[in-house]
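A.B. asks: Generate a structure from the sequence data that follows.
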Amino acid sequence: MELQCDICFLQFDLDCHRPKSLPCGHTICKECVQNPAMGKKCPTCRKELEGDHAVLPDNILAIRLIENGTSPCKIPRRDNIKLKQLQQGVDAGRRLVQLLRKLVPVAVEALNRQLASSVTQLREMEEALERRAAADVCNTTPELEVKELQLVEQLEDSLSLLTSTKCNVMAEEGRAAWRASVQLGPDSYILHLLLLQLRTDGQLEKVANPTAPVSPTTFVGPPMLSILSIVNEDLDDGQLKVTDILRNGRRWKNVRILRNVKGGGSDKLLRVVAPHLEEVEILGGAELKVMEEVEKMSSLKRLKVECREDLNGNYPDLPLQLKELWMRFPKENQIRCVESMARLRSLLIYDYHGPNVTFLPSQHGRLLWLGVGLNTDHKATMLSLIRAHALSLQELHIYCAVSNEGDLQLFYFPDLGQDLAASGLHALRRLVFRRSTLDPCTEVDACLLQLRSVRGCLPSSVDVVCEACHVRYLCSRVTRP
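C.D. replies: Numbering: from 1, shown residues only. Alright, predicted model coming up:
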């Protein structure tokens, strides 16, 4: 046989792969001896090795054979295809074993770090639970609350990955590729651990809604945006005359924009024209049946809706593929749907009266325009929403009063400048204060002082303006929403 190392299977030489004798009698090359992964045991028989590895003696017999250029049993070379194929297999096997000996200890170390990290996260969650259970009033900060929610999400996601039941894998190297669709079971621990490590390394992306269709129904129709607008003549004592509208096929055929939806029975019209709708505007208080139809619209991109303020409980969820959303009196579940809207770029929310909501930092980074009109009781929700999209927001509109007097005192935020300065709005270009009227502010002095105070807290590159006092300035720059 050839003179080669039992560990890396490379030929012994008089340099890096110099043959070294271990106390147990086995011989490996100098490079493998110096590999930290070898530890204090012989890699062949696993006997304990004492002393310094750097001073291990040479295998004199092997050294002499190398110097004399002979080997105990040389195989004569043959120009044979089968021999070459066998040699390729031997080379590949040596490389495989060499890589595995290096990678397996690294993988074990990574898994041990993953275990230690999970133990630490568990302890943090247990401590947070004990603090909350012991305190009558929870003293916490928005930053700590966001951190705790992120940790909860991480632990739940990790558990889901370790108990997942299906995995699609594709590997590529050069022109070769391998693909598999695997049903995971209790014995699939290697794949489960691999998925967990990929998530830890930030290489595994969570899909917001895996059951949603990948793409909306393809529109087949003329190259135009057909618009259907509901007018007063379409109503009869508060009921929408759905039958009359549908009888006029030219009016609603290929419709992609539906405006001024109102009146009882609107859900019946939506059910018919829904397949290709891209934009819907619903006036008044939208009924539950109407929002149930909206939730099913797979092609919808823009939605303007006012929910019923007097209805308690949750409305149906919103379509997650929306790009633009305008809502008044939204419910808590609808507010939370915003977190999963990967394509959302424009959002306006007015008069949310549910419990305060804490938003996690957005994983999508698409929201460019945000408008909020929430009272002081929901200031935490407003600031959390702003911070969640701070890295992408370019324009921010906030409904607020200029002073703490009168009916609008519920919308007066005296520390707004400091709050926004601490929100990390690095992409912000314009901040607009919305008022209760488009007429110029009657308290001009208070308005100017408010603008000056907030502008002093933000970078000089951010324009801070009042919508009522700068109507023309805004109209030349803002077209939506």
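A.B. asks: from here on, contacts and neighbour counts on C-alpha atoms
C.D. replies: Will do.
A.B. asks: wait, is residue 129 part of a helix?
C.D. replies: Yes: counting by DSSP: H, G, I helix; E, B strand; the rest coil, residue 129 is located in a helix.
A.B. asks: ok, it - how many residues close by?
C.D. replies: Neighbour count for residue 129, taken as other CA atoms under 10 Å: 11.
A.B. asks: same question, residue 170
C.D. replies: Neighbours around residue 170, by other CA under 10 Å: 9.
A.B. asks: And it, its phi and psi?
C.D. replies: Dihedral angles of residue 170 (phi, psi; degrees, to the nearest 10) stand at phi -140, psi 130.
A.B. asks: Centre-most residue in this structure?
C.D. replies: Nearest residue to the geometric centre of the chain (CA atoms, centre = their mean): residue 363, 3.4 Å.
A.B. asks: Please tell me how far that one sits from residue 334.
C.D. replies: According to CA to CA, to the nearest Å, residue 363 stands 18 Å off from residue 334.
A.B. asks: now swap in residue 25 and tell me
C.D. replies: 72 Å.
A.B. asks: So which of those two has more stuff around it?
C.D. replies: Neighbour count, other CA under 10 Å: between residue 25 and residue 334, residue 334 has more, with 16 against 11.
A.B. asks: For that one, give me its contacts.
C.D. replies: By CA atoms under 8 Å, 6 or more residues apart in numbering, the residues touching residue 334 are 314-318.
A.B. asks: how does it look with 10 Å?
C.D. replies: 314-319, 327 (CA atoms under 10 Å, 6 or more residues apart in numbering).
A.B. asks: Pull out the buried members of these.
C.D. replies: In these, burial by neighbour count holds for 315-319, 327, counting by 16 or more other CA atoms under 10 Å.
A.B. asks: any low-confidence regions in the protein?
C.D. replies: Residues of the chain that meet the criterion pLDDT under 70 lie in 1-2, 37, 53, 69-82, 135-143, 145-146, 174-175, 207-225, 438-439, 470-481.
A.B. asks: could the buried ones among the contacts of residue 334 go into TSV alongside distance to residue 102 and secondary structure?
C.D. replies: Shown next, in TSV, are these (distance: CA to CA, whole Å; DSSP: H, G, I helix; E, B strand; the rest coil):
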residue	distance to residue 102	secondary structure
315	56	coil
316	54	coil
317	50	coil
318	50	coil
319	49	coil
327	57	strand
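A.B. asks: Show me which of the residues you listed is closest to residue 253.
C.D. replies: Residue 253 has its nearest neighbour among the buried ones among the contacts of residue 334 in residue 319, at 23.0 Å by CA to CA.
A.B. asks: SS state for residue 292?
C.D. replies: Looking at residue 292 with three-state DSSP, the answer is helix.
A.B. asks: same thing with residue 371?
C.D. replies: Assignment for residue 371 (three-state DSSP): strand.
A.B. asks: Could I get the contacting residues of it?
C.D. replies: With contacts defined as CA under 10 Å, 6+ apart, residue 371 is in contact with 326, 346-350, 382, 386, 395-399, 431-434, 481.
A.B. asks: Narrow the residues you listed to those in strands?
C.D. replies: 326, 346-350, 395-399, 431-434 (DSSP state E).
A.B. asks: Which members of these are classed as buried?
C.D. replies: 326, 346-350, 395-399, 431-434.
A.B. asks: Break the protein down into its structural domains.
C.D. replies: Using the TED database, the domain ranges for the chain come out as 1-70, 95-134+141-169+178-201, 224-303, 317-480.
A.B. asks: Those into JSON lines, with extra columns for distance to residue 86?
C.D. replies: What follows is these, written out as JSON lines (distance: least, CA to CA, whole Å):
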{"stretch": "domain 1-70", "distance to residue 86": "15"}
{"stretch": "domain 95-134+141-169+178-201", "distance to residue 86": "14"}
{"stretch": "domain 224-303", "distance to residue 86": "57"}
{"stretch": "domain 317-480", "distance to residue 86": "51"}
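A.B. asks: what's the closest of these to residue 85?
C.D. replies: domain 95-134+141-169+178-201 (15.4 Å).
A.B. asks: Just the terminal-to-terminal distance for the closest one.
C.D. replies: End-to-end for domain 95-134+141-169+178-201, by CA to CA: 26 Å.
A.B. asks: now that domain: how far from the chain's centre is it?
C.D. replies: Here the centre of domain 95-134+141-169+178-201 is set off from its chain's centre by 16 Å, with CA atoms, centre = their mean, to the nearest Å.
A.B. asks: Kindly report the same for stretch 301-312.
C.D. replies: With CA atoms, centre = their mean, you get 26 Å for stretch 301-312.
A.B. asks: now do stretch 258-274
C.D. replies: Offset of stretch 258-274 from its chain centre (CA atoms, centre = their mean): 34 Å.
A.B. asks: Most distant residue from the centre of this protein?
C.D. replies: Ranking residues of the chain by C-alpha distance from their mean position (CA atoms, centre = their mean) puts residue 68 at the top, at 64.1 Å.
A.B. asks: How much space separates it from residue 21?
C.D. replies: 19 Å.
A.B. asks: What segments of the protein are helices?
C.D. replies: For the chain, the helices defined by DSSP state H cover 30-33, 60-68, 81-134, 142-162, 189-200, 242-247, 249-252, 266-273, 288-295, 332-337, 379-388, 416-421, 444-455, 471-475.
A.B. asks: From the contact counts, what lies against the fourth one?
C.D. replies: For helix 142-162, the elements it packs on are helix 81-134, helix 189-200, helix 379-388, judged by 3 or more CA pairs under 10 Å, 6 or more residues apart in numbering; DSSP states H and E.
A.B. asks: Also compute the angle for that helix relative to helix 379-388, please.
C.D. replies: 60 degrees (axes from the mean of the first three to the mean of the last three CA atoms, to 10 degrees).
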